[in-house]
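Colleague: Quick one, fold the following:
(one chain, ligands or ions: 2)
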Amino acid sequence: MNNFVFYSPTEFVFGKDTETQVGAMARKYGARKVMIVYGGGSVVRSGLLDRVKASLQEAGIAFCELGGVQPNPIDLKVYEGIELCRKEEADLLLAVGGGSTIDTAKAIACGALYEGDFWDFFIGKAVIEKALKVAVVLTIPAAGSEGSGNSVITKTETLQKLGMGSNKLRPLFSILNPQLTCTLPPYQTASGVADMMAHIMERYFTNTREVEISDRLCEGVLKAIIEEAPKVIKDPNDYEARANIMWSGMVAHNGTCGVGREEDWSSHALEHEISAIYNVTHGAGLAVVFPAWLTWMATHNVDKLVQYAVRVWDVPVPIGKLLSDEEKVDVATEGIRRLKAFFTSLGLPVSFAELHIEHPDIPRMIESLRRNKGNLLGCYVKLTMEDCADIYRLAL
Ligand code: NZQ
Ligand code: ZN
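Modeller: Ligands and ions are numbered 1, 2, ... in the order given. Model prediction:
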């Protein structure tokens, strides 16, 4: 296990009706003026936004609001938010929504206190030294942004979708009420499940040895998701299953599953090119990319895939038998088949064609990937751009 520092300062308030505590929480953390950030209207329709405002009013906290954040959030909304935030002198960004809303709030939080262009943080031109406080009322378990210090934004002009992270952007508090997720359309629920599984697998597939504790944690959370996800698809109002899925999304991405090990993240980089160009739902894009990445890995670095297939997908292997290289590939392939079948059972696409992208522009995605990430990608096996093109082709 490698040395590590694990810092996760967010206070989580989890359970039924917990959004009514948002005013008291904001007051507890000394907020004077809150800027509420939300998306395309789901929180208006559900009445959540009104409940959040009522709670802030009750706590005597002033607020302003910025709505209209779109999925795969863009820089233009961040600039608009920075301007509003400065004008209103807000000191707490309260995201009410999912990853797109939270990530926009985070970008505003650091951009508002920075003299230059906030995009500098995303292209590595500047490091975040200070940021306004961020808090969350979560409505979709998926991106894990409620427990992470990361933000992912797309630059409209260049269609670059880039992520960046800083502990200064970790939410002060996050309110997680599983009841709020019952209104999610099945496709969004399923995409969220694929995303959180991907967050675990990006960490799981590593060459760092002797990481049994985090391996077992990853496997356990994956198995729990595999058990709970079909329940929420079958019955969107199953509170207990919703609750388990909601907490899984947090555990998957706040860093716990990746401590002490090298992480991979190439599937995410490959997917970000797809959602940047074709504006697909991030989790659905991952359901297409991850099985293709695993298929490529089965013939390039198979050992961890065998462990994954056996421990997560219960692929049978004879006890005590040393597997030949060929048998290892067979076991890994069966694990990948089970992952794909699982995604399919949730209603997710597992190929570009099923994502309704019949002829993806692979050269364009590779060019953009090279510009954003350089010539080599990932860690489990360092991928050249030609390898990346092969993986895209495996996903056709
Ligand atoms: O915009 P509204 O009207 O609110 O509708 C949203 C949106 O259309 C809807 N929705 C959310 N909660 C709902 C609901 N509809 C009904 N009932 C509810 N309770 O769902 C749609 C998707 O929302 P979005 O916020 O985009 O979802 P998600 O949480 O999946 O976020 C995706 C974004 O996060 C990024 C992705 O790349 C993508 O841009 N990621 C962020 C990460 C991070 N910050 O750490 C890591 C991830 O790997 C990911 O890259
Ligand atoms: Zn993700």
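Colleague: The nearest residue to A31 once chain neighbours are set aside: neighbour count?
Modeller: Distances taken as C-beta to C-beta, 6 or more residues apart in numbering place L92 nearest to A31, at 3.9 Å, with adjacent residues excluded. Every residue, glycine included, has its C-beta placed from N, CA and C. When neighbours are counted by other C-beta atoms under 10 Å, L92 registers 24.
Colleague: go on, the one 10 residues further on?
Modeller: I102 sits with 34 neighbouring residues when counted by other C-beta under 10 Å.
Colleague: What's the first helix or strand after whichever strand or helix holds it?
Modeller: Counting by DSSP states H and E, the element that carries I102 is helix 99-111. Next along the chain after helix 99-111, taking DSSP H and E as the criterion, comes strand 133-138.
Colleague: ok, the residue nearest to A31 - contacts?
Modeller: Applying C-beta atoms under 8 Å, 6 or more residues apart in numbering to L92 gives the contacts A26, Y29, A31, K33, V34, M35, L132, K133, V134, A135, L172.
Colleague: try 6 Å
Modeller: Neighbouring residues of L92 by C-beta atoms under 6 Å, 6 or more residues apart in numbering: A31, V34, K133.
Colleague: Run through the bridge partners of the second one.
Modeller: So the one you mean is V34. Note on V34: beta-bridge partners by DSSP bridges are F63, L92.
Colleague: Surely it and L94 touch.
Modeller: Yes: using C-beta atoms under 6 Å, V34 is in contact with L94, at 5.0 Å.
Colleague: Settle it for me: which of these two has more neighbours?
Modeller: More neighbours surround L94 than the other of V34 and L94, with 31 against 26 (other C-beta under 10 Å).
Colleague: Now do the helix or strand in which that one is found against strand 133-138: the angle between them, please.
Modeller: Assigned by DSSP H and E, L94 belongs to strand 92-97. Calculated by axes from the mean of the first three to the mean of the last three C-alpha atoms, to 10 degrees, strand 92-97 forms an angle of 20 degrees with strand 133-138.
Colleague: close to ligand 1, is strand 92-97?
Modeller: Yes: counting by C-beta under 6 Å from any ligand atom, ligand 1 is contacted by strand 92-97 at G97.
Colleague: between that strand and helix 99-111, what angle do the directions make?
Modeller: Calculated by the same axes, to 10 degrees, strand 92-97 forms an angle of 170 degrees with helix 99-111.
Colleague: Pull out the buried residues from the helix or strand containing T189.
Modeller: In this structure, T189 sits in helix 186-204 according to DSSP H and E. The neighbour-count check on helix 186-204 (16 or more other C-beta atoms under 10 Å) flags 187-204 as buried.
Colleague: which residues does V152 contact?
Modeller: Counting by C-beta under 6 Å, 6+ apart, V152 has contacts D103, G163.
Colleague: Repeat the analysis, applying 8 Å as the threshold.
Modeller: Counting by C-beta under 8 Å, 6+ apart, V152 makes contact with P73, G99, D103, A143, K161, L162, G163, H272.
Colleague: Next one, pLDDT for the first one please.
Modeller: Per-residue confidence for P73 comes out at a pLDDT of 98.
Colleague: Enumerate the residues of this structure near ligand 1.
Modeller: Taking C-beta under 6 Å from any ligand atom as the test, the list of the chain residues beside ligand 1 reads 39-43, 71-73, 97-101, 103, 139-140, 142-145, 148, 150-152, 180-181, 183-184, 188, 192, 195, 253, 268, 282-283.
Colleague: can you give me the helices for the protein?
Modeller: With helices called from DSSP state H, the chain shows them at 22-28, 42-45, 48-58, 75-88, 99-111, 186-204, 212-234, 239-253, 266-278, 282-298, 303-311, 325-345, 362-373, 385-394.
Colleague: packing partners for the third one?
Modeller: In this case it means helix 48-58. Packing contacts for helix 48-58, counted by 3 or more C-beta pairs under 8 Å, 6 or more residues apart in numbering; DSSP states H and E, involve helix 22-28, strand 33-38, strand 62-66, strand 92-97.
Colleague: 6 Å - rerun?
Modeller: Judged by 3 or more C-beta pairs under 6 Å, 6 or more residues apart in numbering; DSSP states H and E, the packing partners of helix 48-58 are helix 22-28.
Colleague: try the first one
Modeller: Taking 3+ C-beta pairs under 6 Å, 6+ apart as contact, the helices and strands that helix 22-28 lies on are helix 48-58.
Colleague: Report the buried residues of the helix it packs on.
Modeller: By neighbour count on 16+ other C-beta under 10 Å, the buried set for helix 48-58 is L48, L49, R51, V52, K53, S55, L56.
Colleague: Now do that helix, average pLDDT.
Modeller: Helix 48-58 comes out at a mean pLDDT of 98.
Colleague: who's in contact with it?
Modeller: E19, T20, V22, G23, V34, V43, F63, V96.
Colleague: what angle separates that helix from strand 133-138?
Modeller: Inter-element angle recorded for helix 48-58 and strand 133-138: 130 degrees (by the same axes, to 10 degrees).
Colleague: And the contacts of V152, which is closest to F342?
Modeller: Set against F342, the nearest of these by C-beta to C-beta is A143 (20.1 Å).
Colleague: how close does that closest one sit to V302?
Modeller: From A143 across to V302, the span is 30 Å (C-beta to C-beta, to the nearest Å).
Colleague: Who has more neighbours out of these two?
Modeller: Using other C-beta under 10 Å, the more surrounded residue of A143 and V302 is A143, with 27 against 20.
Colleague: Mind splitting the chain into its structural domains?
Modeller: Residue ranges of the domains in the chain are recorded as 11-180, 186-394, according to automatic domain parsing.
Colleague: Please determine how far the nearest residue to V251 once chain neighbours are set aside is located from ligand 1.
Modeller: Distances taken as C-beta to C-beta, 6+ apart put V221 closest to V251, at 5.6 Å, once the chain neighbours are dropped. Distance, V221 to ligand 1, by C-beta to the nearest ligand atom, to the nearest Å: 16 Å.
Colleague: dump the residue contacts of V221.
Modeller: V221 touches I200, S248, V251, counting by C-beta under 6 Å, 6+ apart.
Colleague: try 7 Å this time
Modeller: For V221, the contact set (C-beta atoms under 7 Å, 6 or more residues apart in numbering) comprises I200, S248, V251, A252, C257.
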